[in-house]
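> Give me a model of this one.
(2 chains, ligands or ions: 2)
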Amino acid sequence: MIRSKDKKFNFEEGAVIEHDLDKAPKTGDWRYMMPKVDKEKCSGCTTCVPFCPEASIEMKKYKEGQRDKADIDYDFCKGCGVCAQVCPMKAITMEKNK
Amino acid sequence: MNKNLAKNFASGHSACAGCAFPAIVRTILGESPDPVVISNTTGCLEVTSTLYPYTAWKTPYIHSAFENASATISGVEQAHKALSRKGKVPKKIKFVVFGGDGGTYDIGLQSLSGALERGHDFVYVVYDNGGYMNTGNQRSSATPYAANTETTPVGKESFGKVEMRKNLMEIVDAHHIKYAAQANVAYLADLKKKARKAFETEGPAFLSVFSPCTNNWKFPTSQYVAIAKLATETNFWPLFEIEDGKYKVNWATENPKPVEEFLKTQGRFKHLFSEKNKPVLDEVKKIVKDEWQRLVDKTE
Ligand code: SF4
Ligand code: SF4
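Residues are numbered from 1 along each chain as shown, chains lettered A, B, ... in the order given. Ligands and ions are numbered 1, 2, ... in the order given. From the prediction side, this is the model:
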């Protein structure tokens, strides 16, 4: 939100911009390769999570009694393949984006 | 989106696919015990995180020019001191500068030096990708010897940059600050530990973090972690700390990998593997070896 909207005149008094995810470019559109997690192979080690530049990986419940597994949110994932490269279990493969 | 990870720096930024600095920013800020206020020099991080009308920053963030992010944070830190004494603002806030190597080694060096010398309570972080990447890979004083850049192009008569990297850590150390450390994005546990120490330090603390650039070092987008790891395993980018002037190496091996293993992963060093450039490659290896020895000697 640009604060100047509240002002009488439509000029910017300094440029203060507030974070609003709805205004973010959906960087998932950049993707031409798509990471796919094989939930059976994923050990739930969390190695991939902090290396994802887009913060697109979360650990989520998969099966009762098992460790949480890596789960990718494709809204912002740019398909870089870093997650697949760092995964010690080779549980992530890059497939052609659909 | 991983909400916890994106607590300070969200998704939706426009850094290249496979860029290293988002992990650096999130990891370091994740270790702050208090709310943070950030000042950022001009550079890749700044242009890609603040593309109008969006900002990826969920923290107070001040965009400064190349040369004055440290001056900006000095003023904010002083203002905070005065205002918190009067009880007008919360007492505990951490002040952080992020700068690329261009905004740190080169253009912002004077304001960094001033802020370090005056002893402001802040953490300076340089994410070092060895050049002016957002404008297309011009050389900086952090660019390594022999790298191919737009302003040190490889050709018939030239082999890339002819100068060595500036030793910024020694320059920072010369300000007698309590804590400075060199870290690497591939070693997140080490980076976290160093970030924590930097935040705990009263007065200035400095972190220099290795940040591979897929676009201008020319490597596939999936490789930043692998390449960063090789940089340390070959002694190209040692991990160390300087606490009260005392050096300590944090990662070492009896048998470092050959430097070629790091160099061959990147297009910017491709020319070093021709017959003609064999002496240049030997010089790169010599520089890495000598610099490592210089560092080790300082730990004694
Ligand atoms: S491909 Fe890249 S952006 Fe997508 S989830 Fe993996 S690391 Fe994140
Ligand atoms: S690195 Fe691999 S095994 Fe570990 S959590 Fe990620 S996908 Fe699963």
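
> List the contacts of stretch B:230-249.
B:144, B:169, B:172-173, B:176, B:178-184, B:186-187, B:190, B:194, B:197, B:210, B:212, B:228, B:250-253, B:256-259, B:261-262, B:265, B:288-289, B:291-292, B:295-296, B:298-299 (Cβ atoms under 8 Å, 6 or more residues apart in numbering or on different chains). From N, CA and C alone the C-beta is placed, and that goes for glycine too.

> Which among these count as buried?
Listed as buried from the contacts of stretch B:230-249 are B:144, B:169, B:172-173, B:178-184, B:186-187, B:190, B:194, B:197, B:210, B:212, B:228, B:250, B:256, B:259, B:262, B:265, B:288, B:291-292, B:295, B:298; burial here means 16 or more other Cβ atoms under 10 Å in any protein chain shown.

> thinking again about what came up before, give me the subset of the contacts of stretch B:230-249 lying in helices.
Judged by DSSP state H, helices contain the following of the contacts of stretch B:230-249: B:169, B:172-173, B:190, B:194, B:197, B:228, B:259, B:261-262, B:288-289, B:291-292, B:295-296, B:298.

> Show me what from chain B comes close to chain A.
Proximity of chain B to chain A is confined to B:1-2, B:5-6, B:9-15, B:17-23, B:26-27, B:50-58, B:188, B:214, B:220-226 under the rule Cβ under 8 Å from any Cβ of the partner chain.

> Go again with 7 Å.
Residues of chain B lying close to chain A (Cβ under 7 Å from any Cβ of the partner chain) are B:1-2, B:5-6, B:10-12, B:14-15, B:17-19, B:22-23, B:26-27, B:53-55, B:57-58, B:188, B:221-226.

> Looking at those, which are in helices?
If you go by DSSP H, those have B:22-23, B:26-27, B:188, B:224-226 in helices.

> got a winner among these for most neighbours?
Neighbour counts for those, by other Cβ atoms under 10 Å in any protein chain shown, peak at residue B:224, which reaches 31 neighbours.

> any chance you could map the strands in chain A?
Along chain A, the segments classed as strands by DSSP state E run A:33-37, A:57-60, A:69-72, A:92-96.

> now the ones you listed in a markdown table, with mean neighbour count, distance to residue B:69 and mean pLDDT?
Formatted as a markdown table, the strands of chain A follow (neighbours: other Cβ atoms under 10 Å in any protein chain shown; distance: least, Cβ to Cβ, whole Å; pLDDT from 0 to 100):
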| stretch | mean neighbour count | distance to residue B:69 | mean pLDDT |
| --- | --- | --- | --- |
| strand A:33-37 | 19 | 35 | 97 |
| strand A:57-60 | 18 | 31 | 97 |
| strand A:69-72 | 21 | 34 | 98 |
| strand A:92-96 | 15 | 37 | 97 |
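
> now these in a markdown table, with distance to ligand 1?
Rendered in a markdown table, the data for those read as follows (distance: least, Cβ to the nearest ligand atom, whole Å):
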| stretch | distance to ligand 1 |
| --- | --- |
| strand A:33-37 | 4 |
| strand A:57-60 | 5 |
| strand A:69-72 | 5 |
| strand A:92-96 | 7 |
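
> Format the ones you listed as TSV; extra columns: distance to chain B.
Shown next, in TSV, are the strands of chain A (distance: least, Cβ to the nearest Cβ, whole Å):
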stretch	distance to chain B
strand A:33-37	9
strand A:57-60	5
strand A:69-72	10
strand A:92-96	8
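
> what's the closest of these to residue A:16?
Nearest of the strands of chain A to residue A:16, taken as Cβ to Cβ: strand A:57-60 at 30.7 Å.

> what about residue 18, neighbour count?
No chain specified, so I'll use chain A. Neighbour tally, residue A:18, other Cβ under 10 Å: 12.

> Hmm, no, I was thinking of chain B.
For residue B:18, the count of nearby residues is 26 (other Cβ under 10 Å).

> Return the residues in contact with it.
A:53, A:80, A:82, B:214, B:221-222, B:224 (Cβ atoms under 7 Å, 6 or more residues apart in numbering or on different chains).

> and if you look at residue B:198?
Here residue B:198 is in contact with B:123, B:179, B:205, B:207 (Cβ under 7 Å, 6+ apart).
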